[in-house]
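>>> this is the structure alone, sequence omitted:
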């Protein structure tokens, strides 16, 4: 499974000193295990944690909420838009998140972790 930033929904943003934690209520996951050429899109809650964030003072929690239009990370000279789940990136990571409401958040950190909150992903959420 791969996490894709676009269309994922951030439900909660927590800053703790130099640590940012985003809880996704509906993260867009691509399942490439099905054996078909096209990946199946699934949705699941997950947590993204950025450690030793050095840009926290000018980013407000309210700017980190809602549906993402797009996002990516820069790590080891690579621009990455899909990350495996679970994922642990060590070293310097730069992340850019563009939210549907127009906010753009830039974060530079030393370590990024993505972990599912439950083992079951679903094809759709009903509200």
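That came in fine, so what should we check first? Keep in mind that what you see is a predicted model, and the values were worked out from it rather than measured.
>>> show me where this structure has strands.
2-16, 19-31, 40-50, 66-75, 78-80, 82-84, 87-99, 104-116 (DSSP state E).
>>> got a markdown table for these, with mean pLDDT too?
Rendered in a markdown table, the data for the strands of the chain read as follows (pLDDT from 0 to 100):
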| stretch | mean pLDDT |
| --- | --- |
| strand 2-16 | 94 |
| strand 19-31 | 94 |
| strand 40-50 | 94 |
| strand 66-75 | 97 |
| strand 78-80 | 96 |
| strand 82-84 | 96 |
| strand 87-99 | 96 |
| strand 104-116 | 94 |
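>>> who's residue 15 bridged to?
Applying DSSP bridges to residue 15 yields these beta-bridge partners: residue 20.
>>> quick one: it and residue 61 touch, right?
Yes - using Cβ atoms under 8 Å, residue 15 makes contact with residue 61 at a distance of 6.2 Å. Quick note: C-beta positions are derived from backbone N, CA and C, even for glycine.
>>> pick out whichever of these two has more residues nearby.
Neighbours per residue, other Cβ atoms under 10 Å: of residue 15 and residue 61, the larger number sits with residue 15, 16 against 11.
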